[in-house]
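Asker: predicted model and sequence below, questions to follow.
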Amino acid sequence: AQSVTQLDSQVPVFEEAPVELRCNYSSSVSVYLFWYVQYPNQGLQLLLKYLSGSTLVESINGFEAEFNKSQTSFHLRKPSVHISDTAEYFCAVSANLQTGANNLFFGTGTRLTVIP
Amino acid sequence: DSGVTQTPKHLITATGQRVTLRCSPRSGDLSVYWYQQSLDQGLQFLIQYYNGEERAKGNILERFSAQQFPDLHSELNLSSLELGDSALYFCASSVGDRGSYEQYFGPGTRLTVT
């Protein structure tokens, strides 16, 4: 089975400062990696994903994440945050299997609060 | 808007009762997943259907059941409700049944058991 650890439950950061949200995973099989964002009273939206190829993946709104296989990590970074980035961020994995369960396993989430 | 719809948006009911949550996937998506989000358990996978058939089960209680109909919409039935069942229930859909396919989440149904 897979598991995901998000070490920071809350991250406050000033506007225009850089931020890193940490994610580590554990799995006995190859995995796909995802970051989802949840704004208040809304569902989850996919922010970015790693399936294969380049280990650095980017989103359209300035976030990026790097897959590090040796450290089993998939940390999320943004060089300069905006007030609108305030939300809950979830790291998730799914198994890279031909058959069998491919549901998402989520971390406990990191609440990012951007301070004006 | 993800294209996944869930009804109702809110549900308040008493312990011991039974409720049905409904999900319509995005047009063309064959897989439907149900997840439960609660303060103490976080986001947990409950069950997956693919093209009408159960594909995988997670931490779903025996009091809970689900099905996917020929038109691909899905229902999650929760019975003998307990206070601890209060949570946000999400439905997600994807085009296929592999882990690489993006899952699109609905807005959720907030269940409150009193």
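Answerer: Received the coordinates, thanks.
Asker: hey, let's count contacts and neighbours off CA atoms from now on
Answerer: Noted.
Asker: pretty sure residue B:48 sits in a strand.
Answerer: Yes. Per DSSP: H, G, I helix; E, B strand; the rest coil, residue B:48 lies within a strand segment.
Asker: what pairs with the closest residue to it other than its chain neighbours across the strands?
Answerer: Leaving aside its chain neighbours, residue B:48 sits nearest to residue B:33 (4.4 Å; criterion: C-alpha to C-alpha, 6 or more residues apart in numbering or on different chains). Using DSSP bridges, the beta-bridge partners of residue B:33 come out as residue B:48, residue B:92.
Asker: would you confirm that residue B:107 contacts residue B:90?
Answerer: Yes. If you go by C-alpha atoms under 8 Å, residue B:107 and residue B:90 touch, sitting 6.9 Å apart.
Asker: so what sits against both of those two?
Answerer: residue A:43 (C-alpha atoms under 8 Å, 6 or more residues apart in numbering or on different chains).
Asker: ok, back up a step: the residue nearest to residue B:48 contacts residue B:49, doesn't it?
Answerer: Yes. Counting by C-alpha under 8 Å, residue B:33 does reach residue B:49; the two are 6.5 Å apart.
Asker: which one's more surrounded, those two?
Answerer: residue B:33 (26 against 23; other C-alpha atoms under 10 Å in any protein chain shown).
Asker: flag every residue of chain B that's near chain A.
Answerer: Within chain B, the positions adjacent to chain A are B:33, B:42-45, B:48, B:55-57, B:90, B:97-100, B:102-108 by C-alpha under 8 Å from any C-alpha of the partner chain.
Asker: follow-up on the earlier one: so residue B:107 and residue B:90 - more neighbours on which side?
Answerer: residue B:90 (27 against 24).
Asker: name the element the more buried one belongs to?
Answerer: Per DSSP states H and E: residue B:90 is located in strand B:87-94.
Asker: so where do the strands sit in chain B?
Answerer: Applying DSSP state E to chain B gives strands spanning B:5-7, B:10-13, B:19-24, B:31-38, B:42-50, B:53-57, B:64-68, B:74-78, B:87-94, B:104-105, B:109-113.
Asker: distance to residue A:103 and mean pLDDT for those strands - can I get that in JSON lines?
Answerer: What follows is the strands of chain B, written out as JSON lines (distance: least, C-alpha to C-alpha, whole Å; pLDDT from 0 to 100):
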{"stretch": "strand B:5-7", "distance to residue A:103": "19", "mean pLDDT": "97"}
{"stretch": "strand B:10-13", "distance to residue A:103": "25", "mean pLDDT": "97"}
{"stretch": "strand B:19-24", "distance to residue A:103": "17", "mean pLDDT": "98"}
{"stretch": "strand B:31-38", "distance to residue A:103": "8", "mean pLDDT": "95"}
{"stretch": "strand B:42-50", "distance to residue A:103": "7", "mean pLDDT": "93"}
{"stretch": "strand B:53-57", "distance to residue A:103": "8", "mean pLDDT": "91"}
{"stretch": "strand B:64-68", "distance to residue A:103": "16", "mean pLDDT": "97"}
{"stretch": "strand B:74-78", "distance to residue A:103": "16", "mean pLDDT": "98"}
{"stretch": "strand B:87-94", "distance to residue A:103": "10", "mean pLDDT": "96"}
{"stretch": "strand B:104-105", "distance to residue A:103": "12", "mean pLDDT": "94"}
{"stretch": "strand B:109-113", "distance to residue A:103": "20", "mean pLDDT": "97"}
